[in-house]
Every structure is written in C-alpha cells, then in structure tokens.
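> Next comes the sequence, and after it the predicted model I'd like to discuss.
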Amino acid sequence: MKKAIILLSGGIDSTTTLYIAKRRYNLLALIFNYGQRHKKEIECAKKIASLNDVKFYIVKIDLSWVNSSLVNKKINVPLDRNLDTPDIPNTYVPARNIIFLSYAFSLAESLSIKNIFIGAHTQDYSGYPDCRIEFLKKFNEAANLGLKSNDIKIIAPLIDKNKKEIIKIGLKLNVPFRYTWSCYNGFKKPCLRCDSCRFRINAFESLGLKDPLLE
C-alpha cells in the first residue's frame, strides 16, 4: 500500500478521513499540541490512531500570541451563537492549517510520501478561511514550489460535505464516534452550547441518532 500522512485532531472530521484513507494507504498521523484550551482532543486522536495501528507524531507548537478563545483562556468561547451568521467567531486560530500543513509537507518530503490527508470542510466551519478548497489548492501549489520534490498532494475527501453527510460516511465505515471529541470546552461532558457541539448534535439528530458522547 502507498503511504500517506493524515492531520488528526480527534474530531469527527479527521477521524472519518482517517477511516476513508486507511482503506488505500498506510497512514502516519500528525497530532498537534498548540496550547489549545484542553487536551481531550489530543487524547482522542491518540486513541483513534492506536485503534488503527497508525504511528503518530505529537507536534508541540507555541501559538500563545493568537487572540483565539481556543488558545487564550481569558477569552470566552462563544455560546448559543447564531450558526447562520457570516461572522468568523473568536475560535478562529490564525493560520492554523497553514502551520499544520507546513509540518505535514516537511514530513512528507523527508519520508518520500506523496499524499497528505486533511479533514477540512467548508460548510460547518464558521467561515474559517483556511478550510476552503481555494486555500487548499493554492497552498498545495505554493508548498510544492518550495520543495525539492514538487509532487506532494493534499487530499480533502470531505471538503464539500456537511456534518450530517460526514457522519453518514463514518457510520458506513464503522467509525467509533464515541472516541471522538468536538466540544471547544474541556469539560467532562460536551457543553452542548458551543458551535462545534451544536453542529455535531444537530447532525446526529438529523439522522435520527443520539450523539454517543451524550448516552
């Protein structure tokens, strides 16, 4: 099997992407500790990787300067927000996918790996600019221009899917959603009020299902 790198956060999207990719590729996961609000998602990512016998690297990055509620605990995570607003919320971490993908390209070229998987998708991500297909295409071009090799490809199989469609795909692939985490807060149970919780809960409910984290 060919090799590929996957950016693994421990959430629904990256986990489903892993289950899509593992059918055709031997995977190597990158998990990022960027000083995020809690470490539950890192533990979930490690669990998912281990369940699938996927070797992983945990990359520690200092992003303490960003004005994001996901990094700066003095900034409150927005709750009960209008999910249809075009405004980008304070959970946005500037250049996060640019940074993550840069590490992935470095690792890929070092190991002669030609494919990088990312779980990005546009519909549910509150307008984050680094989750758009336009960004991924342009970044892919720019990154290859800066490498000795110039044939590494970003693959985003969920880019045009919404959360409901992603969960449907995951169910067919037997994704263990009970080991994933989406909530922006690090409580024992999901807060049910942040954007990520609400997108997730609404998607499960639209399929006539209960989020396994709430059972």
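Structure received. Numbers count the residues shown, from 1 in each chain.
> helix/strand/coil for the residue lying farthest from the centre of the chain?
For the chain, the residue at maximal distance from the C-alpha centroid (CA atoms, centre = their mean) is residue 148, at 27.4 Å. Recorded secondary structure, residue 148: coil (DSSP: H, G, I helix; E, B strand; the rest coil).
> Kindly report the same for residue 56.
The three-state label for residue 56, taken from three-state DSSP, comes out as strand.
> before we move on, the earlier item: which residues does the residue farthest from the centre of the chain contact?
With contacts defined as CB atoms under 8 Å, 6 or more residues apart in numbering, the neighbours of residue 148 are residue 109. (Glycine included, C-beta is placed from N, CA and C.)
> How confident was the prediction at it?
The score at residue 148 is 95. That number is its pLDDT.
> Check the gap between it and residue 12 for me.
35 Å (CB to CB, to the nearest Å).
> how about the strand ranked longest in the chain: buried residues?
Longest strand of the chain, by residue count under DSSP state E: strand 25-33. Across strand 25-33, burial judged by 16 or more other CB atoms under 10 Å covers 25, 27-32.
> Pick the one among these closest to residue 50.
residue 29 (10.0 Å; CB to CB).
> could you give me the average pLDDT of stretch 57-66?
With pLDDT averaged residue by residue, stretch 57-66 scores 96.
> Then stretch 111-119?
When pLDDT is averaged along stretch 111-119, the result is 98.
> So what touches it?
With CB under 8 Å, 6+ apart as the test, stretch 111-119 has contacts from 2-7, 9, 11, 13-18, 20-21, 25, 27-28, 97, 100-101, 104-105, 107-108, 136, 149, 151-158.
> Recalculate using a threshold of 6 Å.
Residues outside stretch 111-119 that contact it (CB atoms under 6 Å, 6 or more residues apart in numbering): 3-7, 13-14, 17, 21, 104, 108, 152-156, 158.
> for stretch 66-82, same thing?
If you take CB under 6 Å, 6+ apart as the criterion, stretch 66-82 is touched by 35-37, 63, 89-91, 93-94, 184-185, 193-195.
> hmm, 7 Å instead?
By CB atoms under 7 Å, 6 or more residues apart in numbering, the residues outside stretch 66-82 that reach it are 34-37, 63-64, 89-94, 184-185, 193-195.
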